[in-house]
Each structure stands twice: as C-alpha cells, then as structure tokens.
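Asks: predicted coordinates and the sequence they were generated for:
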Amino acid sequence: MELLTTVVNTKELLDTIAAAFVASLTVAFVSSLGIWGGTKYVDFSQEGRGVSAALALGVGIFGLMATLAIIVLGIYLMVAK
C-alpha cells in the first residue's frame with residue numbers, strides 16, 4: 001500500500017479537485033452575471049425603466065469584464081508554468 005501512496009499523492013489530488021470545482025462554479029456564476037445583465041437591460045429599457053436598465057447594464061458589463069479577466073488569467077497561468 002505504501003507504493004500506491006508514493007505514486008498518487010492524494011492530498012495534492014484532492015486540492016486540485018477542490019480548486020477545479022471552485023473555479024468552475026466561479027466561471028459559471030460570473031458569465032451568468034453577464035448574460036443576466038444583458039437580458040435585463042433589454043427588458044428594462046423596453047419597459048422604459050432607465051435607471052434599472054443602466055444598473056443591469058453595469059452588472060452585465062462587470063460580468064463580461066470578469067469573464068475576460070478569468071480567461072486572461074487562465075492563459076497566463078498555463079503559459080507561466
């Protein structure tokens with residue numbers, strides 16, 4: 001059994017799984033903010049609710065910028081290591 005523990009480092013494997021899980025939830029949430037903000041902007045602007053539309057657009061732009069930042073960070077980390 002000792003040979004198996006030296007071949008597979010379970011602590012590092014579990015850390016990698018946990019980090020991938022958290023990262024996937026973050027990417028899904030942030031990209032969902034961009035989609036939600038864009039659709040709500042259209043809905044609110046058609047209803048004549050200018051302030052709500054502007055706030056929804058702000059959320060959508062934040063989601064888009066955060067998604068792009070995550071992509072750039074991921075590419076940077078892949079190239080750097």
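Replies: Thanks, I have the structure now.
Asks: contacts, neighbours, all on C-alpha from now
Replies: Fine.
Asks: what segments of the chain are helices?
Replies: Using DSSP state H, the helices of the chain run over 2-7, 10-46, 50-80.
Asks: adding mean neighbour count and mean pLDDT, write these out as a markdown table.
Replies: Below are the helices of the chain laid out as a markdown table (neighbours: other Cα atoms under 10 Å; pLDDT from 0 to 100):
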| stretch | mean neighbour count | mean pLDDT |
| --- | --- | --- |
| helix 2-7 | 8 | 62 |
| helix 10-46 | 15 | 94 |
| helix 50-80 | 15 | 95 |
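Asks: how close does the spatially most central residue of the chain get to residue 21?
Replies: Residue closest to the average C-alpha location in the chain (Cα atoms, centre = their mean): residue 27, at 1.8 Å. Distance of residue 27 to residue 21, given as Cα to Cα, to the nearest Å: 10 Å.
Asks: ditto for residue 62
Replies: Counting by Cα to Cα, the gap from residue 62 to residue 21 is 22 Å.
Asks: check residue 8 too.
Replies: 20 Å.
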